[in-house]
Structure formats: C-alpha cells, structure tokens
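S.K.: Show me how the following folds:
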Amino acid sequence: MTSLVQPARVFVDPLGGTRTAVEARRWLWPLLILAFCVAISGTTYALRWDATASIVSTLPTDSTASSMSESDIAEQIQTASRKALVGGIAKGLIVMPLMVLLLACILWVAAWLFNKPAAFGQLMTAAAVALLPIALYHLIYAVCAGYQHSLTDLRAERLVPSSLALLDGLSPKMQRVLKGVDFFNLWSVGLLGVGFSTATGMRLGRSLVLIGVMYLMYVGVFFIGLPSGGAQ
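M.R.: Okay, the predicted model is just below:
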C-alpha cells in the first residue's frame, strides 16, 4: 500500500516524497503510472482524432490526384487512425519505459563524470519519479480529449496549453525556443535534480544546475536544432 501512496506524495511533498522514493528505490509504480497515463492519452487522442484534414493535405494536386478514388482516400484515413492508435499505445507501454531507462543511464554517466557514484536502482527511481508530472499531463490530456467530439491537429496541439510556445504572434523559431519553457517539463527537471542529489549526495543547488544545463542541451538539440535542420 505504501508503494501505491508514494507516487502521490511526490505531488504533495516534492522534496520529501522524491527523496524517500529514491532512497527506497521505488521505481516500479511511478514507471507503471507513467506508462499507463501515456498509453491512455495516446488511445484517447487516436479515438478522437479526425485524420481527414491531415490526409487530404498530403494528397497530390497534380494530374495524379484524379486517379485516387474516394475509397482510396477513406482507406488512407482509416489506416492513419489505426497507426495513431497503435503508436499511442506503444508510446506508453514501450517508449516511456525505454525513456526512463535511458534517462537513468544518462544520470549514471553524469554521476561517474562528477565522481559521485550512486546505485543504478536509485538513479532509475529518480528518473521514473521525475517523469510523474509528464504522466499527470497525459492524464489531464486524456480527460480533455475524451470530452471532445473530434480533434484536428491544431486543436490537439492546443488542447492542454502548458508552454509559452502557444503564445500568439511568435515566429516559428521563437516557438521552437519557447517550447522548452513548459510547466510540466520544468517541474520534471526540478524533481530530477532532487532525485539526482539524493542518489549521489551532490548538493541540491549544484544538482539542480546540472540537470538544468542538461535540459537546455536537450531543448537545443530536439526543439531547436533538429526541427531547424528538417525545415531547410
């Protein structure tokens, strides 16, 4: 019963709850909660997503367009919906556990570089607990999406506004930059700093700075660098 209550304590008492979980190496329930919430979010999105606009926008506009029948277009829409459903479930049940494992490995390397050895189980717990705000986001998203009659791509993107990237009047480049200023992501960064400090014995302030720098590197690569390269 204690293991079930522990993840909830992280939201009420971030410092104490995170430290207790990391010291006890309780990573299983946070990981299961994360996988479940992300899978539910992906499933609800796929069931509410209207793929018509996305498929029609990708259709050729030249002479080959006339060769496509309505049944072909309908089949493409149905296939896209099925892929979204499978992808949403796979993201929760496969991608998120792998992401937690990868994050724990990155923390282990960081601990080794700073000569702050820590048990891998504690680092795994720090990673799983730190992603609980992401689980909360997906749970909120699933509830909001469930109340929608249908979702377009634009509506889905703005359904749960949590980053400054959704402000009006921003250039595409500035949107990519401000996408990193996300409430749930920054919450996770703070919890990860607390968890890393607990696992390694590093001072909390130094740990928060280290995790913050790592997050800035992540934002620079995945939110700014790679999208900019793909747009060229």
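S.K.: from here on, contacts and neighbour counts on C-alpha atoms
M.R.: OK.
S.K.: For the chain, just list every one of the helices.
M.R.: For the chain, the helices defined by DSSP state H cover 2-12, 14-24, 28-48, 52-57, 70-90, 96-113, 120-130, 132-146, 153-157, 172-178, 183-200, 204-218, 226-231.
S.K.: Just give the number of residues close to residue 122.
M.R.: As a burial measure, residue 122 scores 25 neighbours (other C-alpha atoms under 10 Å).
S.K.: what sits against it?
M.R.: Listed by C-alpha atoms under 8 Å, 6 or more residues apart in numbering, the contact set of residue 122 reads 22, 23, 24, 25, 199.
S.K.: what's the pLDDT at the last one?
M.R.: Residue 199 carries a pLDDT value of 96.
S.K.: Would you agree it is in contact with residue 21?
M.R.: No: with contact defined as C-alpha atoms under 8 Å, residue 199 does not reach residue 21; the gap is 10.3 Å.
S.K.: so what sits against both of those two?
M.R.: residue 126.
S.K.: any idea how far residue 42 is from the closest residue to residue 124 other than its chain neighbours?
M.R.: When the adjacent residues along the chain are set aside, residue 124 lies closest to residue 104, with 4.9 Å between them (C-alpha to C-alpha, 6 or more residues apart in numbering). Relative to residue 42, residue 104 is positioned 24 Å away (C-alpha to C-alpha, to the nearest Å).
S.K.: Need the helices of the chain in JSON lines (columns: distance to residue 165).
M.R.: Output for the helices of the chain, formatted as JSON lines (distance: least, C-alpha to C-alpha, whole Å):
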{"stretch": "helix 2-12", "distance to residue 165": "25"}
{"stretch": "helix 14-24", "distance to residue 165": "26"}
{"stretch": "helix 28-48", "distance to residue 165": "21"}
{"stretch": "helix 52-57", "distance to residue 165": "22"}
{"stretch": "helix 70-90", "distance to residue 165": "23"}
{"stretch": "helix 96-113", "distance to residue 165": "24"}
{"stretch": "helix 120-130", "distance to residue 165": "22"}
{"stretch": "helix 132-146", "distance to residue 165": "16"}
{"stretch": "helix 153-157", "distance to residue 165": "11"}
{"stretch": "helix 172-178", "distance to residue 165": "5"}
{"stretch": "helix 183-200", "distance to residue 165": "11"}
{"stretch": "helix 204-218", "distance to residue 165": "16"}
{"stretch": "helix 226-231", "distance to residue 165": "14"}
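S.K.: most tightly surrounded among the ones you listed?
M.R.: Mean neighbour count (mean count of other C-alpha atoms under 10 Å) peaks for helix 120-130 among the helices of the chain, with a mean of 28.
S.K.: Please save the CA atoms from that one in CSV.
M.R.: Provided in CSV are the C-alpha atoms of helix 120-130 (Å, rounded to 0.1, in the frame of the first residue of the first chain):
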residue,chain,number,x,y,z
PHE,A,120,21.6,2.4,-10.5
GLY,A,121,18.3,1.5,-8.8
GLN,A,122,18.3,4.9,-7.1
LEU,A,123,19.0,6.6,-10.4
MET,A,124,16.3,4.6,-12.1
THR,A,125,13.9,5.7,-9.3
ALA,A,126,15.0,9.4,-9.8
ALA,A,127,14.2,9.1,-13.5
ALA,A,128,10.8,7.4,-13.0
VAL,A,129,9.7,9.8,-10.3
ALA,A,130,10.9,12.9,-12.2
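S.K.: Can we start the residue count at 9 from this point?
M.R.: Shifting the count to begin at 9 puts that one at helix 128-138.
S.K.: end-to-end on stretch 162-182?
M.R.: Distance between the two ends of stretch 162-182: 18 Å, counting by C-alpha to C-alpha.
S.K.: Okay then, goodbye and thanks.
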